[in-house]
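1. Below is the structure, and that's it, no one-letter string:
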């Protein structure tokens, strides 16, 4: 292996990218576009969901005046999330759900305050219930509505100094105050590098084969391993720059926090880029023209999208399908990046992910070199 | 010692025999034209010698080194049929890249680039993207990339295909100048009229050499008035 020749290849690929404004835009704008679109679309910030409150609570007379616990609950509802309309008739309110105008009706019975107060201050066995009528056709939305309402009840009890017999206290070991974008940015860094590096190398290399430049290179002193190394150098640098760009925008715009050593995350991304460029070269060996390369795109994107854990955890994938996740290189990079950035883990904790990526890189680099060495 | 020596070279693609025991010797410093119709095996022969195809059997040597081999790669130049350039790079960037593959340093590259751009008359286009050049210009840049490292042996595969008549004349002028510098050239073409520029020609048919010699001698022996007629004469004789 002659490093000077490998660097010449690397420089040539860089110049090609630099001269091609569209590819340059793809490399820089596409990752940001993906982060904004996916990040905002999947951010989980549900808002303005129309719900109805039918409040028939008669309240309770106290020395301080008439008290309505139902009003306290309603005032504690997250009004950014739930858009509350008050109605008097329960059946008419349910009709609004049936007509698709509302997602839920919360009904407070007349004795709500009285019984609630007795239950906690007099240790009475009397019970009361808030009736909730809800449209469960959208399970995620229904769950969120329920969570918001339960939180409002909990906050009201806390305000009134009423202690529940059992309480759950959550202490975050990792990810204190973490929001969706904190979870998403490390994943999208690796995901974007996986998709773009594989596709760019695939398309570029099919071009090398069809234009005859690869044949011309074969007649020079350049060895196949030097071609692969040259591409690996370029794309590992490009991948790291993409990750740095995503992280910078993530920190500036989305206030993403980084707990661990960000350089370690960049090393993970660079290693993933090496795996992906080798995969791109390997895939190019089974295609004879650009149109055939395009046919491979779903086989690159879909496993990465569905199985790598970028959008939902690998643990949410059916057990029988899960082994496939471990055959998809970005799974390891996404896990490692999240561990570094959210948990603050170091090399001693992510070494398994790194080892998996090194094994992928070694195997794919070898196979890519062999595919170039193959002669008809 | 011949610059190129080929003995009983066979190249098979499955059951199809593209080269059928080809024997060939090209002397140092001569321009040797491999002539024949499409499918005769001309390109296959060049690709086998430059290492783009695996030889099925037989033996080849370039400058005394068994070929194909990376050991001799820095002494040969290969110009494929396609222009085979990086069209997203400038003329300068293409020349610089290929030069670096041969280990040339920057001052030498600049010196050589100036010579070559003058040689192919594209000095004003040094910083133009190859994608913006005409087809003829791309062919000239392709030749320059083949020559950048001053090879001793040139393999030119149909360099004048798709080239306008004026440029074809220019190309043969270039080849003549290269020959006078002592460079050995193996060139393939199916334009029989061009072959008169060669020192010697070899007619190929069905993967074999069916006749060879100096153009005048070939014409004389065949009694033909043109090399095309001479080829037909030898092809008929071969069929028998």
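-> Received, thanks. Owing to the predicted nature of the structure, the values given are computational and were not obtained by experimental measurement.
2. near chain A, which residues of chain B?
-> B:13, B:47, B:50-54, B:70, B:73-74, B:76-78, B:80-90, B:93, B:97-98, B:100-103, B:129, B:145, B:155 (CB under 8 Å from any CB of the partner chain). Placement of C-beta: from N, CA and C, glycine included.
3. Show me these that map onto strands.
-> Those of the residues of chain B next to chain A mapping onto strands are B:13, B:76-78, B:155, per DSSP state E.
4. Now the buried members of these.
-> Neighbour-count burial (16 or more other CB atoms under 10 Å in any protein chain shown) is assigned, among these, to B:76-78, B:155.
5. From those, pick the one nearest residue A:198.
-> residue B:78 (30.5 Å; CB to CB).
6. thinking the closest one is in contact with residue B:46, fair?
-> Yes - counting by CB atoms under 8 Å, residue B:78 does reach residue B:46; the two are 7.4 Å apart.
7. between the two, what contacts are shared?
-> B:155, B:157 (CB atoms under 8 Å, 6 or more residues apart in numbering or on different chains).
8. domain ranges for chain A?
-> A:3-42+A:179-373, A:49-159 (automatic domain parsing).
9. what's the least confident stretch among these?
-> Lowest mean pLDDT of the domains of chain A: domain A:49-159, a mean of 87.
10. Distance from the chain centre to that domain, please.
-> 33 Å (CA atoms, centre = their mean, to the nearest Å).
11. Near residue 93, how many other residues are there?
-> Let's take chain A. Using other CB atoms under 10 Å in any protein chain shown, the number of residues around residue A:93 comes to 23.
12. hm, I was asking about chain B
-> Neighbourhood size, residue B:93 [other CB under 10 Å]: 21.
13. Check what pLDDT it gets.
-> Confidence for residue B:93, expressed as pLDDT, is 97.
14. Which residue is the nearest non-sequential neighbour of it?
-> Nearest residue to residue B:93 in three dimensions, chain neighbours excluded: residue A:15, at 5.4 Å (CB to CB, 6 or more residues apart in numbering or on different chains).
15. Surely the one you found and residue B:96 touch.
-> No - using CB under 8 Å, residue A:15 is not in contact with residue B:96, being 9.1 Å away.
16. neighbour count winner among these two?
-> The neighbour comparison of residue A:15 against residue B:96 (other CB under 10 Å) goes to residue B:96, with 22 against 19.
17. Please, which helix or strand holds the closest residue to residue A:102 other than its chain neighbours?
-> In space, and not counting its chain neighbours, residue A:102 is closest to residue A:96: 4.2 Å by CB to CB, 6+ apart. Per DSSP states H and E, residue A:96 falls inside helix A:90-98.
18. Identify the farthest-apart pair in the ones in strands among the residues of chain B next to chain A.
-> B:13 and B:77 (26.0 Å).
19. quick one: is the host helix or strand of residue A:205 near chain B?
-> According to DSSP H and E, residue A:205 maps onto helix A:180-211. Yes - Helix A:180-211 comes into contact with chain B (CB under 8 Å from any CB), by way of residue A:211.
20. Please pull up the helix or strand immediately following that helix.
-> helix A:213-218.
21. helices or strands next to that following helix in the packing?
-> When contacts are defined as 3 or more CB pairs under 8 Å, 6 or more residues apart in numbering or on different chains; DSSP states H and E, helix A:213-218 sits against helix A:180-211.
22. Give the buried residues for the helix it packs on.
-> Result for helix A:180-211 [16+ other CB under 10 Å]: buried residues A:181-211.
23. Run through the strands of the chain in chain order.
-> All of this refers to chain A. A:49-55, A:60-62, A:65-67, A:82-87, A:104-108, A:131-134.
24. that's the other chain; I wanted chain B
-> So, for chain B - with DSSP E - the strands run B:4-13, B:16-26, B:31-35, B:57-62, B:65-67, B:76-79, B:153-157, B:184-189, B:200-205, B:208-213.
25. can you list these in JSON lines and add mean pLDDT?
-> Below are these laid out as JSON lines (pLDDT from 0 to 100):
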{"stretch": "strand B:4-13", "mean pLDDT": "95"}
{"stretch": "strand B:16-26", "mean pLDDT": "94"}
{"stretch": "strand B:31-35", "mean pLDDT": "95"}
{"stretch": "strand B:57-62", "mean pLDDT": "95"}
{"stretch": "strand B:65-67", "mean pLDDT": "91"}
{"stretch": "strand B:76-79", "mean pLDDT": "96"}
{"stretch": "strand B:153-157", "mean pLDDT": "95"}
{"stretch": "strand B:184-189", "mean pLDDT": "94"}
{"stretch": "strand B:200-205", "mean pLDDT": "95"}
{"stretch": "strand B:208-213", "mean pLDDT": "94"}
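26. now for these, which one comes closest to residue A:243?
-> Taking the strands of chain B one by one with CB to CB, strand B:76-79 is closest: 39.5 Å.
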